[in-house]
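# Fold the following for me, if possible:
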Amino acid sequence: MHMNHEHEVLDFGGRLWWVDVSWGAVCVDPFSDRPELRAVELPAGCALPCPQSDTEIRRLVKLKHRRMGGSSGRLCYAEADAFHFRSFTLDDESGRCTLEQDVSVASLWPNVKVVPSIATIDPLNADVLYLNVEEFTISVDMRHERILVGSASLLSGISPQSASSSYLPCVLPSFLGSASIPGKNNVEKNKDSGRCSGSFGQTPEDLKDV
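Residues are numbered from 1 along each chain as shown. I've put the predicted structure just below:
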């Protein structure tokens with residue numbers, strides 16, 4: 001079985017998942033006395049014809065425009081192209097995939113110039129994607145088709161393509177919302193949303209022409 005290993009390994013549902021966004025993923029229970037590999041394929045129409053070399057895969061699909069991750073207790077897959085954002089939930093037991101959201105890129109960015117790369121899927125809300133659009137990282141609520149308030153500029157010298165592989169979705173303990181941040185410099189706490197602002201602060205209107 002050929003695997004492209006550009007996607008990080010996932011820890012979900014008590015299993016480890018090795019993801020190849022050109023066709024799907026394989027998982028295994030690492031603590032089982034008799035571990036067995038199980039494959040889960042991408043939704044119909046999303047998988048590439050096989051076999052394909054790594055070079056051919058990169059030519060046929062932008063791997064940074066596809067992500068898989070766990071969210072709200074479900075395994076999710078999301079993809080972006082020049083026209084749509086789409087998200088699916090994957091049932092590893094039955095192998096069935098369900099389309100959850102299909103959002104037009106133009107409804108978010110009427111004058112879009114680039115195809116956003118998917119940084120990660122929100123671990124608590126499968127309807128929310130974090131995207132890299134040129135020098136910005138932003139969150140998008142696909143259910144309500146809106147850009148969430150707040151964005152962060154990428155660090156100087158980091159491209160959106162490389163940045164999308166450097167995000168680690170995690171759930172932090174709630175007490176951190178009221179804890180002080182040593183050496184926070186210009187980071188100001190947004191008490192209304194519980195988010196941090198500083199490099200944050202771009203509004204949806206600021207990003208419409210990105």
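# Could you list the single helix or strand in this protein with the lowest mean pLDDT?
strand 196-197 (a mean of 36; mean pLDDT, DSSP states H and E).
# now the strands for this protein?
10-12, 15-20, 24-28, 38-41, 66-71, 74-80, 84-90, 97-104, 117-121, 128-133, 136-141, 146-153, 188-189, 196-197 (DSSP state E).
# Redo the ones you listed as CSV? Include mean neighbour count and distance to Val171.
Yep, even glycine has a C-beta here, placed from its N, CA and C like the rest. Formatted as CSV, the strands of the chain follow (neighbours: other CB atoms under 10 Å; distance: least, CB to CB, whole Å):
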stretch, mean neighbour count, distance to Val171
strand 10-12, 16, 13
strand 15-20, 21, 18
strand 24-28, 20, 21
strand 38-41, 16, 23
strand 66-71, 23, 11
strand 74-80, 22, 15
strand 84-90, 20, 19
strand 97-104, 15, 20
strand 117-121, 24, 13
strand 128-133, 23, 13
strand 136-141, 21, 15
strand 146-153, 18, 18
strand 188-189, 14, 19
strand 196-197, 16, 16
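# Any stretches of this protein with poor pLDDT?
Scanning the chain for pLDDT under 70 picks out 1-5, 50-63, 92, 95, 149-166, 177, 181-210.
# Apply 50 and report the result again.
Applying pLDDT under 50 to the chain flags the ranges 161, 186-204.
# just to revisit the earlier point, turn the strands of the chain into JSON lines, columns for distance to Pro173.
Compiled in JSON lines, the strands of the chain are given as follows (distance: least, CB to CB, whole Å):
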{"stretch": "strand 10-12", "distance to Pro173": "18"}
{"stretch": "strand 15-20", "distance to Pro173": "24"}
{"stretch": "strand 24-28", "distance to Pro173": "27"}
{"stretch": "strand 38-41", "distance to Pro173": "31"}
{"stretch": "strand 66-71", "distance to Pro173": "18"}
{"stretch": "strand 74-80", "distance to Pro173": "23"}
{"stretch": "strand 84-90", "distance to Pro173": "27"}
{"stretch": "strand 97-104", "distance to Pro173": "28"}
{"stretch": "strand 117-121", "distance to Pro173": "19"}
{"stretch": "strand 128-133", "distance to Pro173": "20"}
{"stretch": "strand 136-141", "distance to Pro173": "21"}
{"stretch": "strand 146-153", "distance to Pro173": "21"}
{"stretch": "strand 188-189", "distance to Pro173": "16"}
{"stretch": "strand 196-197", "distance to Pro173": "16"}
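# nearest to Leu48, of those?
strand 15-20 (9.6 Å; CB to CB).
# so what's the residue nearest to Arg96 when sequence neighbours are not counted up against?
Nearest in space to Arg96, with sequence neighbours left out and distances taken as CB to CB, 6 or more residues apart in numbering, is Leu90 at 7.9 Å. Contacts for Leu90 (CB atoms under 8 Å, 6 or more residues apart in numbering) come out as 40, 43, 68, 74-77, 96-97.
# Brilliant, that's me finished.
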